[in-house]
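Peer 1: Any chance you could fold what I've pasted below:
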Amino acid sequence: MKKALLQPTVLALSLCLLALILLAGFWPSSGSELALLDKNLPPSLNHLFGTDWLGRDLFSRSLKALLASFYTGGLAVALSCSIALLLAMFAQINCAARWCVDLLVDVFMSLPHLLLLILLALVFGGAQHGLIMAIALSHWPRLTRLLRFEMQAINNAPYFQLAKQFGQSPLTVIRRHMLPHVIPQWLVGGMLLFPHALTHMAALTFLGFGLDPVNPSMGALLSQASQYLLTGHWWLALCPGGLLLICLLILSYIANAFITALRRGPQTHVSGGEFA
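Peer 2: Okay, here's the model as predicted:
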């Protein structure tokens, strides 16, 4: 009983904390102001995350980088989820369409994920649009398979079989009688994809295949900080990395809370392990 009462409170606090972090991304300071006399300062009250090798405030740069990562990651996840939903709907048309979608999913899932991300980022020219396309075109297979199984279960339900006998087109039946049952799982699947997208974005930018290092991004901050760790400037990597980790944990907790809520309803088979 106490656990059931505690979960909504923790969820509300998590949402508030995440909103507060994102709103702080609109901090008036851009984090680009140079102050060479204040370079490489450790965290203090004046500079919560310290300063970098050019005297720039690391707290402001981390907030701007996190906001940019959320914007880019949100676009990529929205596009990836749309691809997954369209392919899962297409697989319900007939056996040939189902076979094509299953083959496409198997091919993409058989490829090394990081290698696929790098190749896609190179094909689309890198930068922000290349990163969005790389994330979108590499993260849809697991969600597509999950949605296809969910739709297949609905397809075998008696009410759906009766709906098809009224002579409407397959796409009309899917839109009216299947999508309302699948949309909750689709939304939760997108929430589970979002932390993975942020992590892979940071990894690609860290390796030099992502966002422009001139603009603040989590991958760029960590990549640049790696050159100064051996000199004892630990805050350059620990503070931005810790902020990113906190946001990822909050997103994962929110997604798992929605999964728990959906499991209390009928016909819900979403699992966080599907996206690990």
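Peer 1: Helices of this protein, residue ranges please.
Peer 2: Remark: helices assigned in the chain by DSSP state H are 2-24, 58-90, 95-110, 113-123, 127-136, 141-155, 158-164, 170-177, 179-207, 218-225, 235-263.
Peer 1: export those helices to CSV and tack on distance to residue 40 and mean neighbour count?
Peer 2: Quick note: C-beta positions are derived from backbone N, CA and C, even for glycine. Listed next are these as CSV, based on distance: least, Cβ to Cβ, whole Å; neighbours: other Cβ atoms under 10 Å:
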stretch, distance to residue 40, mean neighbour count
helix 2-24, 24, 12
helix 58-90, 10, 21
helix 95-110, 44, 13
helix 113-123, 32, 16
helix 127-136, 29, 21
helix 141-155, 43, 20
helix 158-164, 64, 12
helix 170-177, 58, 15
helix 179-207, 21, 21
helix 218-225, 11, 23
helix 235-263, 8, 18
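Peer 1: Save those as a markdown table, and put in distance to residue 51 too.
Peer 2: A markdown table is the format used below for those (distance: least, Cβ to Cβ, whole Å):
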| stretch | distance to residue 51 |
| --- | --- |
| helix 2-24 | 18 |
| helix 58-90 | 6 |
| helix 95-110 | 43 |
| helix 113-123 | 31 |
| helix 127-136 | 27 |
| helix 141-155 | 41 |
| helix 158-164 | 61 |
| helix 170-177 | 55 |
| helix 179-207 | 21 |
| helix 218-225 | 12 |
| helix 235-263 | 9 |
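Peer 1: Distance to residue 42 and mean pLDDT added to these, as JSON lines?
Peer 2: Listed next are the helices of the chain as JSON lines, based on distance: least, Cβ to Cβ, whole Å; pLDDT from 0 to 100:
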{"stretch": "helix 2-24", "distance to residue 42": "21", "mean pLDDT": "66"}
{"stretch": "helix 58-90", "distance to residue 42": "10", "mean pLDDT": "87"}
{"stretch": "helix 95-110", "distance to residue 42": "45", "mean pLDDT": "89"}
{"stretch": "helix 113-123", "distance to residue 42": "34", "mean pLDDT": "87"}
{"stretch": "helix 127-136", "distance to residue 42": "32", "mean pLDDT": "86"}
{"stretch": "helix 141-155", "distance to residue 42": "42", "mean pLDDT": "87"}
{"stretch": "helix 158-164", "distance to residue 42": "62", "mean pLDDT": "77"}
{"stretch": "helix 170-177", "distance to residue 42": "58", "mean pLDDT": "77"}
{"stretch": "helix 179-207", "distance to residue 42": "23", "mean pLDDT": "83"}
{"stretch": "helix 218-225", "distance to residue 42": "14", "mean pLDDT": "78"}
{"stretch": "helix 235-263", "distance to residue 42": "6", "mean pLDDT": "80"}
